[in-house]
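Asks: predicted coordinates and the sequence they were generated for:
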Amino acid sequence: MIELRDVYKTYLRKGISNDAIKGVQLKVEKGDIFGVIGYSGAGKSTLIRLVNYLERPTKGQVFVDGHDLGAYSDKELRAAKKNIGMIFQHFNLLESKKVFDNVAIPLVLLKKNKNEIHQRVMELLEFVGLSDKAGSYPSELSGGQKQRVGIARALASNPSVLLCDEATSALDPQTTRSILQLLKKINAEYHITIMIITHEMSVIQEICNKVAVMEGGRIIEQGSVLEVFGHPQHPTTQNFVSTVIQTSMTSSMRKTLTTDEGSRMYKLEFFGERASEPVLYELIRSSDVKVNILFANMTEIQDTTLGTMIIQLKGNSEEMDKALDFLKRREIDLEEVDKHVLNNSDQ
Ligand SMILES: Nc1ncnc2c1ncn2[C@@H]1O[C@H](COP(=O)(O)OP(=O)(O)OP(=O)(O)O)[C@@H](O)[C@H]1O
């Protein structure tokens, strides 16, 4: 659906070259809501501008719906771009035109007749919940309403892909949520593939099924949201994940932690239905260890529960082995942690 093959983008300004994108490989499948996250300067905007050929790659290929955009003539490229809608952080509406006319722009450019334009624009305004604002000017709308107009305009030419460039960054949390729900509805009802760039992990958590993390023009980690949130590998990814999921004890609790001889600490992770099973109860019944819960947290990602728990086990080595054997048999994701690590970690 969208594929970047070994893409590079180098900007040249006043004789100084800047490698904004360095060998990116990326595949967004049909129907995905694919999030790209990174700190400022990571290359996210450049990446999304390469997908609709607002920027041409210095090297590598960009495919949309199986077509190499670089192989098109200018005329073919203009036609192909009809398939790619885009919305922006600051909405990019024409202030001098009414809402109706803003949404109609792509249809006018496609030389549709008046009746067709009227029908399509009103249908889109109804879909985004703004039927009563057709005659208003953008200055009369709230930020959330402006973004809804931007979305209606992006959908006017029936694109197969919708690109969202920090589309909720200028909105308050409640409005952000309602715009994200609208994007989810577009994905579900119109089967439009969505690519979102953001610096907010909560956006990824709320609607994406896949995520790529960018740093220094490269993708440092990518996968399903569940995989990446559950087992972030790169320290930058771990930082992003920690902004939405608490996976460790508070610092005040760490300070009070005592580690006796014969006690060990483990971090357990539970996915899905497993998160509601009475594992600790069964653990206590299956061995003679004392179980102390140091930390527990549950988060909802992609309609799946992700549970994290840090427990302290106390007992003789035979009982400890029995307990660990039980946890392994239950296929609980288990990792030993020591007090030193907990005390030095901000995670
Ligand atoms: N038109 C340009 N000319 C020269 N350099 C550019 C241009 N656009 C981006 N860059 C550079 O490319 C790098 C990546 O920028 P980009 O805007 O893609 O990052 P970003 O992750 O989107 O950051 P932000 O979240 O701040 O928008 C930066 O070093 C930036 O200065």
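Replies: Happy to help now that I have it.

Asks: which positions in the stretch 51-200 of the chain make contact with the ligand?
Replies: H199 (Cβ under 6 Å from any ligand atom). The way it works is simple: take the backbone N, C-alpha and C, and place the C-beta from them, glycine included.

Asks: for the stretch 51-200 of the chain, which segments count as helices?
Replies: Taking DSSP state H, counting those that start in this stretch as the test, the helices found in the stretch 51-200 of the chain are 74-81, 99-109, 114-127, 143-155, 173-190.

Asks: most tightly surrounded among those?
Replies: helix 143-155 (a mean of 24; mean count of other Cβ atoms under 10 Å).

Asks: follow-up on the earlier one: which one of the helices of the stretch 51-200 of the chain lies closest to I220?
Replies: When the helices of the stretch 51-200 of the chain are compared by Cβ to Cβ, helix 173-190 sits nearest I220, at 24.4 Å.

Asks: average pLDDT for the closest one?
Replies: Mean per-residue pLDDT for helix 173-190: 96.

Asks: ok, now how distant is the residue nearest the centre of the chain from the ligand?
Replies: Closest residue to the average C-alpha location of the chain: I204 at 2.5 Å, with Cα atoms, centre = their mean. For I204, the distance to the ligand (Cβ to the nearest ligand atom, to the nearest Å) stands at 15 Å.

Asks: and for I293?
Replies: 39 Å.

Asks: residues contacting that residue?
Replies: L280, M309, I310, I311 (Cβ atoms under 8 Å, 6 or more residues apart in numbering).

Asks: repeat that for V291.
Replies: L280, L283, I284, I311, Q312, L313.

Asks: need the pLDDT of it.
Replies: Looking at V291, its pLDDT reads 89.

Asks: so what's it bridging to?
Replies: V291 has the following beta-bridge partners by DSSP bridges: L313.

Asks: if we can go back for a sec, need the helices of the stretch 51-200 of the chain in CSV (columns: distance to G66).
Replies: As requested, the helices of the stretch 51-200 of the chain are arranged in CSV below (distance: least, Cβ to Cβ, whole Å):
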stretch, distance to G66
helix 74-81, 11
helix 99-109, 23
helix 114-127, 27
helix 143-155, 22
helix 173-190, 20
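
Asks: worst mean pLDDT among these?
Replies: Among the helices of the stretch 51-200 of the chain, helix 74-81 scores lowest, at a mean of 91.

Asks: dump that helix to PDB, keeping only the CA atoms.
Replies: Extracted in PDB, the C-alpha atoms of helix 74-81 (Å, rounded to 0.1, in the frame of the first residue of the first chain):
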ATOM      1  CA  ASP A  74       4.300  15.100 -13.800                       C
ATOM      2  CA  LYS A  75       0.800  14.500 -15.200                       C
ATOM      3  CA  GLU A  76       0.600  11.000 -13.900                       C
ATOM      4  CA  LEU A  77       1.900  12.100 -10.500                       C
ATOM      5  CA  ARG A  78      -0.800  14.700 -10.200                       C
ATOM      6  CA  ALA A  79      -3.400  12.000 -11.000                       C
ATOM      7  CA  ALA A  80      -1.800   9.600  -8.500                       C
ATOM      8  CA  LYS A  81      -1.900  12.300  -5.800                       C
END
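
Asks: oh, and call the first residue 31 from now on, that's how I've got it
Replies: Done: numbering now begins at 31, and the last item shifts to helix 104-111.

Asks: turn the contacts of V321 into JSON lines, including pLDDT.
Replies: Below are the contacts of V321 laid out as JSON lines (pLDDT from 0 to 100):
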{"residue": "L310", "pLDDT": "83"}
{"residue": "L313", "pLDDT": "85"}
{"residue": "I314", "pLDDT": "85"}
{"residue": "I341", "pLDDT": "88"}
{"residue": "Q342", "pLDDT": "87"}
{"residue": "L343", "pLDDT": "89"}
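
Asks: and these, which of them are buried?
Replies: L313, I341, Q342, L343 (16 or more other Cβ atoms under 10 Å).

Asks: closest to the ligand among those?
Replies: I341 (39.1 Å; Cβ to the nearest ligand atom).

Asks: helices and strands around the stretch of helix or strand the closest one belongs to, which ones?
Replies: If you go by DSSP states H and E, I341 is part of strand 334-344. If contacts are counted by 3 or more Cβ pairs under 8 Å, 6 or more residues apart in numbering; DSSP states H and E, strand 334-344 sits against helix 255-260, strand 293-301, strand 320-331.

Asks: give me the buried positions along that strand.
Replies: Those would be L336, G337, T338, M339, I340, I341, Q342, L343, K344, for strand 334-344 by 16+ other Cβ under 10 Å.
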